[in-house]
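Enquirer: Only the shape, not the letters, is given here:
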């Protein structure tokens, strides 16, 4: 009996192959985008973890200074108290015209030492040579090639087991390259410790112990927000996909009500029937899940370069390696699809379970019942939005921001049918003539079947508007900010400090104003911090993008009495003009102003150059901004090239620097644009599937109209018109939702994720483009059903009057 | 004594995976390093401190101890200095590398630990006034410039010890006023000892603390090329007889024959260098130790002093499985003289 019943149930799909295809495609789409995002996230995280592993720091806790660095004497003291610690000094070194991250370690203590020793042996150097001048740098073969090219003083050992972009060296060399002979960035707590030591918290109350998990990598911490962002996008696509599926599952069950009644009359128990339907659903979910995973894998592989560009642009984090297939990813993707399918089918299965034994097969209830459900949906939606608001007001941070966005989107989607129905009711009052009146009424009657697809469309449109507005506002702000910030006409980087000094002297003789950009890298509360020393200049006073400042901000900064900090640092540590910043133990200065600093994940401080020079020995002196009138620029660049042996790349005019910065910015948002488009694609597909699934139900309503003399062609046109109308109304309603989304992204999510708040600009032309795109999607979605309608055999329509339904 | 140990160990320091042969060159040339000179007058307390111009140096303390119920123990505390280049520099640029070994040996257990450090950053070093030799939380510390009263401590994952040592005899200069010849071709080191320590303190062992008392022996030695090229290892003995007399003797095993030498120390502390060849040591019995055959019962003789003794390792498994591994442990002395001592053996592959 079971087999026969199953065959009967499954026979439905033989008669409705398109429905089956829709169901599987919808599920696969949902699963695909979700798993693509998951794959990307997993790959990126694995890459960070691999980097930590390769640097030998995975699983080790760290001791970091609250501010500044750790003096080596302090390290010696902590070692003498019995703690086995491995010192690390990090920083950036410029060789030739390239920057390299240098990680200095004590080769006698670092967990990675044996591997490095083996590597140097492979190059027939004795390991101990790395401890003596000229030292030895260890780097991934790709980075090693660059390092060997950029400098010849220090031999470079290739070691594939190191992450790209970083050079590892013994502290004897690293401390010299980084000009920090007496300080350390942090201390790794080695795994084997003697029992019974005095706790580190007691020995070093001024140092913070970061547990292994949190310390895994700065990169992972910084990029968390980005991955949360991606996850939110993936979840949105998944939800949109489920909307499609829910409608299709409901329809497939409804169309089988007659069969269900027959089967039950034949004695098939309800329990068995429900079980069979569940098995069917699971099988479909499994097939769709596998298809989705395959698709997701391809999408992820296609998006990964974009993600890498974004991560590099926003955080300077590098994700390397190609996509790999992880069993966990496959399993969770399938589980997510199965779970999602049953969630989407829950209502239908529940209804089936409760159905009276011999309930008559009924077409979907419409009219008043529908409007009642619209109202219920709207009330439910409003409640969800309110809950989201309350949550957002009471909690801070990225997760709260996304929770609010989620609630807003879901709530707005639930309110949508009521709104559309209200618009349609208004519209119907303008109807003239019976056909147009029928059209309005029929559109309203269609609403329940289409509402899920329309919700999906609205969500996709709103996401597009929101994210688009965010990116465009960001870009506009960024462009303006670049104009302010890059006020010098020519930027020069010398190849050495000596050359820098020479250049400064020469510029003085040419009476060219030179603004040196000298900095010192340190740490503040465990995170990297760059301290710039600036020379007082009118250009700063008139250009520098200050967000908030005390009166006389420049006078106070120039005299060394106060500092300027970037917005990120201010927000991260709740600092405001007037608060005092302790840069290093005993070095406390009040904050005079806060400046915007987009695209930089780290904190930054500006102090008077004289003060910084007094505090820090051997500041690099290689970067200069030169002032010149537009006429002088090319002559200045030419004479610089003649006078100094500086590579072409190191002398850039303002326009080039700006263009490059913008290029990086644009690359950063490639992934966002791609995801946006994909979501819209999913929504368009939702529209198509709902129109297709409604097809069969439409005939009983269309047949009488046809019988009254309206041609099939007219009906088809009406079909397209209706689709257009609904899409237009949805698109209009999506606009305010999109703007709220944009505002939240700019003022809540950006602040939490990056530490900067952005002003919001409106881009009506973009909206228009999106509106047209939505209409286009509607036309495309309606085209197939309309085409079928215009070609339908009149006998099919006549059958409506004969069939008992 | 353990000249080659440190040569290998210094290189093997951060390359446990590396093959020691790759560094053999370090043992043979003394480029830029000071060379021990005969006739050098040792002066104290200055010579208790480090000699950074020499390639290698150590502060090497062993002690034979016993618990109140008569259980025998031995401890080792060694700080090695190995220079990558002569001289000293500040901070990470210091060419000095420090390494330390500590061990506790009982009849049934042999626990050991190792520490490695850079010079220049305060993690390890030796200084005078008051004298202190340290690496991490291990130390050998005096309250004054002299080595007469020192405290000693070391900690491993499974053991630790805290001992007080008081010398009741003078320093002993080996060889010719502290110039100790190590091969027929003239390799030598500067070498003196304080073999007269009375020791008391506590060993913390996995089964709990044990109070101990006994005798300790400190060796100080520095050099730049202590071994001849054909010498592959050595057996080194420090024996304290119950009548107060002491014998230090070593056998340097080489392809062209063994080179033996040593010092006889009378009960009053007077030292007399032994003629090369006068001290003899013969293995009587081997044990399987970490996959090697190692002699753990010996016969040692010094006919001129009527010494013919049998030495039995307290614990034949006294293997120091450190960066460079060797055998080191207490021995029980019977025969013409009875007493306790320490034995070190290297180069048994």
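Expert: Yep, that arrived. Because the structure is predicted, anything quoted here is derived from the model rather than measured.
Enquirer: Any buried residues in the helix or strand harbouring residue A:555, and which?
Expert: For residue A:555, the host element (DSSP states H and E) is helix A:553-558. Residues of helix A:553-558 classed as buried under the neighbour-count rule (16 or more other C-beta atoms under 10 Å in any protein chain shown) are A:553, A:554, A:556, A:557, A:558. The C-beta positions use only the backbone N, C-alpha and C, and glycine is treated the same way.
Enquirer: With adjacent residues omitted, what lies nearest to the closest residue to chain A within the stretch 51-200 of chain B?
Expert: Of all residues in the stretch 51-200 of chain B, residue B:122 sits closest to chain A, at 2.6 Å by C-beta to the nearest C-beta. Spatial nearest neighbour of residue B:122, chain neighbours left out: residue A:76 (2.6 Å); criterion: C-beta to C-beta, 6 or more residues apart in numbering or on different chains.
Enquirer: Quick check: residues of the stretch 151-300 of chain B near chain A?
Expert: Within reach of chain A by C-beta under 8 Å from any C-beta of the partner chain, the stretch 151-300 of chain B has these residues: B:155, B:156, B:157, B:160.
Enquirer: Apply 7 Å and report the result again.
Expert: Counting by C-beta under 7 Å from any C-beta of the partner chain, the stretch 151-300 of chain B comes close to chain A at B:155, B:157.
Enquirer: rewinding a little: who are the packing partners of the helix or strand where the residue nearest to residue B:122 lies?
Expert: Per DSSP H and E: residue A:76 is located in helix A:72-80. Judged by 3 or more C-beta pairs under 7 Å, 6 or more residues apart in numbering or on different chains; DSSP states H and E, the packing partners of helix A:72-80 are strand A:85-95, strand A:183-184.
Enquirer: among those, which is the most enclosed?
Expert: Neighbour counts (mean count of other C-beta atoms under 10 Å in any protein chain shown) averaged over each of the helices and strands packed on helix A:72-80 peak at strand A:183-184, with a mean of 24.
Enquirer: how about the following helix or strand past it, does it reach chain B?
Expert: Next helix or strand after strand A:183-184 toward the C-terminus (DSSP H and E): strand A:186-189. No - judged by C-beta under 7 Å from any C-beta, strand A:186-189 stays clear of chain B, getting no closer than 11.8 Å.
Enquirer: Quick one: residues in contact with strand A:186-189.
Expert: By C-beta atoms under 7 Å, 6 or more residues apart in numbering or on different chains, the residues outside strand A:186-189 that reach it are A:57, A:60, A:61, A:62, A:63, A:64, A:70, A:75, A:85, A:86, A:87, A:88.
Enquirer: any idea which of the residues you listed is closest to chain B?
Expert: residue A:75 (6.4 Å).
Enquirer: Can you give me the pLDDT of that closest one?
Expert: On pLDDT, residue A:75 comes in at 93.
Enquirer: Quickly list what the residue nearest to it when sequence neighbours are not counted is bridged to.
Expert: The spatial neighbour of residue A:75 that comes closest, neighbours along the chain excluded (C-beta to C-beta, 6+ apart), is residue A:87 at 5.2 Å. Beta-bridge pairing of residue A:87 under DSSP bridges involves residue A:187.
Enquirer: I figured residue A:87 hits residue A:182, correct?
Expert: No - taking contacts as C-beta atoms under 7 Å, residue A:87 lies outside contact range of residue A:182: 11.7 Å.
Enquirer: thinking again about what came up before, the helix holding residue A:555: how far from the chain's middle?
Expert: Distance of helix A:553-558 from the chain centroid (C-alpha atoms, centre = their mean, to the nearest Å) equals 38 Å.
Enquirer: For burial, what's the neighbour tally of residue 297?
Expert: Looking at chain A here, since you left the chain open. A total of 19 residues lie near residue A:297 under the criterion other C-beta atoms under 10 Å in any protein chain shown.
Enquirer: you looked at the wrong chain, it should be chain B
Expert: Residue B:297 has 15 neighbouring residues, counting by other C-beta under 10 Å.
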